[in-house]
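Visitor: A predicted structure for the sequence below; I have some questions about it.
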Amino acid sequence: MTSLRQLEYLVTVVDTGSFTRAAEQLHVTQPALSHQMRALEHSVGGPLLERLPRSVRLTPMGRAMLPHARAALADAERARCAARQASGQVAGELLVATVYSVSLGVLPPALRVWRRERPDVDVRLFEYRHADELRDAMLAGEADLAIGPRPAGWTGPVRTLGTEEFVVVLPADGATESTSDGTVDLAELADCAWVHYAPGHGLAELLDAACAEAGFRPRPAVRTEQTAAAPLLAAAGLGPALVPANVLPAEFSGRVLRPGKPIRRELVAYGRSEPDPLTAAFGEVLAQHARV
C-alpha cells in the first residue's frame, strides 16, 4: 500500500534531484530512503525514477504519478491545518503558487501588507519555472491560489491584477544607442550575446519570441535559472537582458531601456473554484498592493 510518507519521499527526490540531498532534507538515511522508494515502485508496478550518475530522472510512470503525489500531499497538509485551526492552534494557512519572476517582483509588497494585517495566517509559497508548470500544479490541487500569466483555457475564476512591463538592461557604460525617450529597438542588439534564461524557464520563451519578432534569434552568452540574476549579469557586461521592470531594485547600477515595441504580459490570480473567505481576502490585498 502506498503511504503519504512514500509520496513525500518521491516528491523530495525529484525536487532536490538527488537521493543524497533528499535524505538530508528528510532527516533519514539514504538506505532507508532507497528502500521506501523501491517499495513505492513495487506497489505501483514499475520504476518511477531513473538513477543517473549525478542526478535522477522521472520515468514516464513517474511523470504520470508526480502531480497526483503533490496533490495528495497538499490535501493532507490542508487537512492537518484545518484540524489545527479547529483546535485553536493556528488561525489559518494559505497556499500560494506562482512563477519565479512574480515571487521576486510582484508579490513582496502584497505579502508585506498581508503579514501586517493577518499575522495569524501563514503563507506557504510554491514557485515554478514556467506558467505551464504553475497551471498543472493548480489543476493538481497543490495550492489555493495561483498568480502568474493568464492560463490558456482555464475554466475556474480568474482575476486580472495588471500588466507587467519588460525592459532591456545593459551596462551603465554601454555604447548602445537609445532614442531620446529612453527606448531601444531590439534589432539593434541582434549581434550581441544575451543574458538568456535556462531552457524551461518561462522568460526564455518570452525573450526568444520578442527577438524573433525583431528578426533575429538571441545568441546566449550565459543562461541563468534565476530571474534576479539576469539584470545583475547584464549590468556586469555579459550582454543585454530582458527582465520584468518590477524585479529591478531601487538602487540599480545598470542602464535600463524600454523596448521600442513594448513587451508586456498580463498577470492574473486564478483558482479552481470560487475562493473561500481567506483566499478571497488575499485576492483583495493582491489587487490593491501587488507591484504590477
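Guide: Cool, got the structure.

Visitor: Going by C-alpha atoms from here, please, whenever you check contacts or count neighbours.
Guide: Noted.

Visitor: right, and the helix or strand after the lowest-mean-pLDDT helix or strand in the chain?
Guide: Within the chain, confidence by mean pLDDT, DSSP states H and E is lowest for helix 60-86 among all helices and strands, at a mean of 78. Following helix 60-86 in sequence order, the next helix or strand is strand 92-99 (DSSP states H and E).

Visitor: outside of that following strand, which residues touch it?
Guide: With contact meaning Cα atoms under 8 Å, 6 or more residues apart in numbering, strand 92-99 is reached by 81-82, 85, 120-131, 134, 137-138, 142-148, 278-279.

Visitor: Give the buried residues for the least confident helix or strand of the chain.
Guide: Across helix 60-86, burial judged by 16 or more other Cα atoms under 10 Å covers 62, 65-75, 78, 81-82.

Visitor: For the stretch 101-250 of the chain, give me the ranges with low pLDDT.
Guide: Along the stretch 101-250 of the chain, segments meeting pLDDT under 70 span 174-181.

Visitor: What ranges does it have for its helices?
Guide: 107-117, 131-139, 202-213, 229-235 (DSSP state H, counting those that start in this stretch).

Visitor: Comparing the ones you listed, which comes out most buried?
Guide: Of the helices of the stretch 101-250 of the chain, the one with the most neighbours on average (mean count of other Cα atoms under 10 Å) is helix 229-235, at a mean of 23.

Visitor: Shouldn't residue 266 be within a helix?
Guide: No: under DSSP: H, G, I helix; E, B strand; the rest coil, residue 266 falls outside any helix and is assigned strand.

Visitor: Excluding covalently adjacent residues, which one is nearest to it?
Guide: Leaving out its chain neighbours, the residue that sits closest to residue 266 by Cα to Cα, 6 or more residues apart in numbering is residue 163, at 4.4 Å.

Visitor: Just the buried ones from the contacts of strand 92-99?
Guide: For those, a burial check counting by 16+ other Cα under 10 Å picks out 81-82, 126-131, 134, 137-138, 142-148, 279.

Visitor: which residues in the stretch 151-292 of the chain form strands?
Guide: Secondary structure of the stretch 151-292 of the chain (DSSP state E, counting those that start in this stretch): strands located at 158-170, 183-184, 193-197, 219-224, 241-244, 255-259, 264-270.

Visitor: Export these as CSV, with columns for distance to residue 288.
Guide: Below are the strands of the stretch 151-292 of the chain laid out as CSV (distance: least, Cα to Cα, whole Å):
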stretch, distance to residue 288
strand 158-170, 9
strand 183-184, 29
strand 193-197, 30
strand 219-224, 31
strand 241-244, 19
strand 255-259, 25
strand 264-270, 13
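
Visitor: Adding mean neighbour count, write those out as CSV.
Guide: Listed next are the strands of the stretch 151-292 of the chain as CSV, based on neighbours: other Cα atoms under 10 Å:
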stretch, mean neighbour count
strand 158-170, 20
strand 183-184, 20
strand 193-197, 24
strand 219-224, 15
strand 241-244, 26
strand 255-259, 21
strand 264-270, 19
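
Visitor: Out of the ones you listed, which gets nearest to residue 12?
Guide: Residue 12 lies closest, by Cα to Cα, to one member of the strands of the stretch 151-292 of the chain: strand 219-224, at 22.8 Å.

Visitor: Are there helices or strands packed against the closest one, and which ones?
Guide: strand 193-197 (3 or more Cα pairs under 8 Å, 6 or more residues apart in numbering; DSSP states H and E).

Visitor: residues in contact with the strand it packs on?
Guide: Contacts for strand 193-197 (Cα under 8 Å, 6+ apart): 203-204, 207, 218-227, 230, 233-234, 238-241.

Visitor: now do stretch 215-228
Guide: Stretch 215-228 is contacted from outside by 100-101, 104, 187, 190, 192-198, 201, 207-208, 211, 230, 238-239, 243, 247, using Cα under 8 Å, 6+ apart.

Visitor: can you tell me the distance between the two ends of that stretch?
Guide: 27 Å (Cα to Cα, to the nearest Å).

Visitor: With stretch 192-203 instead?
Guide: Taking Cα to Cα as the criterion, the two ends of stretch 192-203 lie 18 Å apart.

Visitor: now it: how far from the chain's centre is it?
Guide: Relative to the centre of its chain, stretch 192-203 is centred 15 Å away, using Cα atoms, centre = their mean, to the nearest Å.
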